[in-house]
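In: Coordinates for the following, if possible.
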Amino acid sequence: MGVVIVRAKTVVAAVLLLIPFAVYFDVPFYNVVSPTWGGLPFYYWFQLVMLPVSAILFLVAAILIDMK
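Out: Next comes the predicted model:
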């Protein structure tokens, strides 16, 4: 039973780590000018928003991997 829980946590952590990479590599999705926010094109503010989102996902993945 313990091996199944460890494997599930590892799979969830791997998915959490892959989400930002998949989003960042899909450049045509966010390589647009509109909508703008505070004068910044979507391309720039999307990347600014994704930085803390990625950090949170990486933190959750690290916590899952570190849990025994």
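
In: Quick one: residues contacting the residue nearest in space to the middle of the chain.
Out: By CA atoms, centre = their mean, the chain has its centre lying nearest to residue 20, at 3.1 Å. Residues in contact with residue 20 (CB atoms under 8 Å, 6 or more residues apart in numbering) are 50, 53-54, 57-58. (Glycine included, C-beta is placed from N, CA and C.)

In: Just the residues you listed: which are in helices?
Out: If you go by DSSP state H, the contacts of residue 20 have 50, 53-54, 57-58 in helices.

In: now those in TSV, with pLDDT?
Out: Listed next are the ones in helices among the contacts of residue 20 as TSV, based on pLDDT from 0 to 100:
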residue	pLDDT
50	93
53	96
54	96
57	95
58	96
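
In: Provide a PyMOL selection command restricted to the buried entries of those.
Out: Buried residues among these (16 or more other CB atoms under 10 Å), as a PyMOL selection:
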select buried, resi 54+57
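
In: With respect to residue 11, which of the ones in helices among the contacts of residue 20 is nearest?
Out: residue 57 (14.5 Å; CB to CB).

In: how much space between the residue nearest to that closest one when sequence neighbours are not counted and residue 56?
Out: Residue nearest to residue 57 in three dimensions, not counting chain neighbours: residue 16, with 4.8 Å by CB to CB, 6 or more residues apart in numbering. Separation of residue 16 from residue 56 (CB to CB, to the nearest Å) stands at 9 Å.

In: what about those two, which has more around it?
Out: Higher neighbour count among residue 16 and residue 56: residue 16, with 19 against 12, using other CB atoms under 10 Å.

In: The chain: helices as residue ranges?
Out: Under DSSP H, the chain gives helices at 2-25, 27-30, 42-66.

In: any weak-confidence spans in this structure?
Out: The model of the chain has pLDDT under 70 over residues 1-5, 68.

In: what's the burial count for residue 26?
Out: 10.

In: again, but for the one 10 residues further on
Out: Residue neighbour count, defined by other CB under 10 Å, stands at 11 for residue 36.

In: OK, contacts around it?
Out: 42, 45.

In: try it again with 7 Å
Out: residue 42 (CB atoms under 7 Å, 6 or more residues apart in numbering).

In: phi, psi of it?
Out: phi -100, psi 160 (degrees, to the nearest 10).
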